[in-house]
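Enquirer: okay, here's the prediction I keep looking at, along with the sequence it came from:
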Amino acid sequence: MISVVMPGYNVEKTIGENLEALLKQTRACREDAEIIFVDDGSRDNTIDVVKKFNVRVIKQRHAGPAVARNRGVKAAKGRIVIFLDADCKIGKNWLKEIVKPFEDEKVAGVGVRYETWNKDSWVARLVGYEIEQRQNKMVGDVDFLASYSAAFRRDILIKLGGFDTRFSTASGEDNDLCYRVKNLGYKLVFLKKIFVFHKHPESLVNYFRKQYNHGKWRIFLYAKYSRNASVLRGDKYAGWEAFSQPLLFLLMPLSLLFFQQWFLLTVAINLAIQIPAVVMVWKKQDYGIALLMPFLFLIRNFLWGFGAFIGILRIFKSRTLKKVK
């Protein structure tokens, strides 16, 4: 049996279309498949929409996606558990293809690509391009799978205790899980030709809020894996940029105050790192976003850096964090 676990919080606008597409594929799948929706304390009409479909529902107080996914894993009966975010819509043959790599006993996890669902929003397209650039680098045996659409062997999830619930928002908890899977000696596979449509933020405020959270939780992740040099260099998805750009941006005000001759250099390096993304978007003829990207990403880097600073403060205030080799 295969179990599809979908966590959701206030997703009344997307969950219906998502479940409709998913049920079509589960009926066509040769293996038995169950769908478990974990409602993470929704306050809108999410449950009313879900009740129209023949799926299992688990309710919990709002606690974040890590807790919700763990609840789903505990209830699942399948040997393979597939996580699918409620604001995603699956592409053709998604279910059939995502389980194929598990024929190799060394494979413990499989992930797929993002495609932007709401391309009419320029902010959503910006997010999609940023993700696309990173996904293009994911080849071979990868070390990260995003949990918006990823499948894992259930026995491995149980052995690892699932997601670390200290990641209370959707940022870093999937990195952490994948690093622990890799530490057990298993493979992770990324399917570039299989995808899900995902709704990205449509306002800059929401986008920047997410970037701040990424910076804050990345620091928590780096602190947890401070003994693992490969993690500090960046995984195959985020790369070294995720580690270096917040630090570079934090150096900018410091250099302006104490080493003025280095200020322009730090600005230039920050901008130079954005060139590959700008070139990629320019080739797609989305010229407005291509021209805005360097400036928007400077703000993003600031929020990564500020979030990282807040994360450092939180770590010092909290109890000693158990480190992972």
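Expert: That came in fine, so what should we check first?

Enquirer: show me which residues of stretch 292-309 are buried.
Expert: 293-294, 296-298, 300-308 (16 or more other Cβ atoms under 10 Å). Placement of C-beta: from N, CA and C, glycine included.

Enquirer: pretty sure G215 contacts R314?
Expert: No. Using Cβ atoms under 8 Å, G215 is not in contact with R314; the gap is 11.9 Å.

Enquirer: more neighbours: which of these two?
Expert: A direct count of neighbours by other Cβ atoms under 10 Å for G215 and R314 places G215 higher, at 26 against 14.

Enquirer: which sections of the stretch 1-150 of the chain are below the confidence cut-off?
Expert: The model of the stretch 1-150 of the chain has pLDDT under 70 over residues 28-31.

Enquirer: please enumerate the helices of it.
Expert: 15-28, 46-50, 65-75, 94-98, 122-135 (DSSP state H, counting those that start in this stretch).

Enquirer: please identify the most buried of the ones you listed.
Expert: helix 65-75 (a mean of 22; mean count of other Cβ atoms under 10 Å).

Enquirer: and the contacts of it?
Expert: 3, 5-9, 36, 38, 40, 56, 58, 60, 81, 83, 85, 147, 154, 157-158, 162-165, 167-170, 173 (Cβ atoms under 8 Å, 6 or more residues apart in numbering).

Enquirer: give me the buried subset of those.
Expert: 3, 5-9, 36, 38, 40, 56, 58, 81, 83, 85, 147, 154, 157, 162-165, 167, 170, 173.

Enquirer: between the helices of the stretch 1-150 of the chain, which gets nearest to K193?
Expert: K193 lies closest to helix 94-98 among those, at 8.0 Å (Cβ to Cβ).

Enquirer: which helices and strands sit right next to the closest one?
Expert: helix 15-28, strand 107-116, strand 149-153, strand 187-198 (3 or more Cβ pairs under 8 Å, 6 or more residues apart in numbering; DSSP states H and E).

Enquirer: turn the ones you listed into JSON lines, including distance to N45.
Expert: As requested, the helices and strands packed on helix 94-98 are exported to JSON lines (distance: least, Cβ to Cβ, whole Å):
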{"stretch": "helix 15-28", "distance to N45": "10"}
{"stretch": "strand 107-116", "distance to N45": "25"}
{"stretch": "strand 149-153", "distance to N45": "24"}
{"stretch": "strand 187-198", "distance to N45": "21"}
